[in-house]
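Colleague: what shape does this take:
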Amino acid sequence: MIHTIEVENIKCGGCMNSIKTALQQMEVVQEVNIDKDTETVTIESDSDIEPFIQKLNDLGYPQKGNNSLLKKAKSYVSCAVGNLKS
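Modeller: The predicted structure follows:
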């Protein structure tokens, strides 16, 4: 099953690296693709979409329309970590 989630706050490769790393650590994920320009995350998995939405939210990349100052701040931290690991 393919899940496509439109998210907020994807700014760069560091953001993409953090998202991909976190989602790939979930056992139920087969593949992750991220499009920075459209801010979409596509996940191949037989699992329900909700755990992925929660994981993205925890990283600071909430679904479109659900952004807040705290989530923006979390995304900057995730981005910085992603840049360090790339």
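Colleague: you'd agree residue 19 is up against residue 32?
Modeller: Yes. Counting by CB atoms under 8 Å, residue 19 does reach residue 32; the two are 7.4 Å apart. From N, CA and C alone the C-beta is placed, and that goes for glycine too.
Colleague: longest helix in the protein, by number of residues?
Modeller: Secondary structure assigned by DSSP state H gives helix 69-85 as the longest helix of the chain.
Colleague: need phi/psi at residue 65.
Modeller: phi 90, psi 0 (degrees, to the nearest 10).
Colleague: could you report the neighbour count for it?
Modeller: By the criterion of other CB atoms under 10 Å, residue 65 has 7 neighbours.
Colleague: that one and residue 80, how far apart?
Modeller: Using CB to CB, to the nearest Å, residue 65 is found at 25 Å from residue 80.
Colleague: residue 54 and residue 47, how far apart?
Modeller: Separation of residue 54 from residue 47 (CB to CB): 12 Å.
Colleague: which of these two has more residues huddled nearby?
Modeller: residue 47 (15 against 11).
Colleague: phi, psi for the more buried one please.
Modeller: According to degrees, to the nearest 10, residue 47 has phi -80, psi 160.
Colleague: the residue lying closest to residue 2 once chain neighbours are set aside: what's it in contact with?
Modeller: Ranked by CB to CB, 6 or more residues apart in numbering and with sequence neighbours excluded, the top spatial neighbour of residue 2 is residue 44, at 5.6 Å. Shown in contact with residue 44 (CB atoms under 8 Å, 6 or more residues apart in numbering): 1-3, 29-32.
Colleague: show me which of these is closest to residue 76.
Modeller: Among the contacts of residue 44, residue 32 lies closest to residue 76 (CB to CB), at 20.9 Å.
Colleague: looking at residue 19 and residue 32, which is more packed in?
Modeller: Ranked by neighbour count (other CB under 10 Å), residue 19 and residue 32 place residue 19 first, with 26 against 19.
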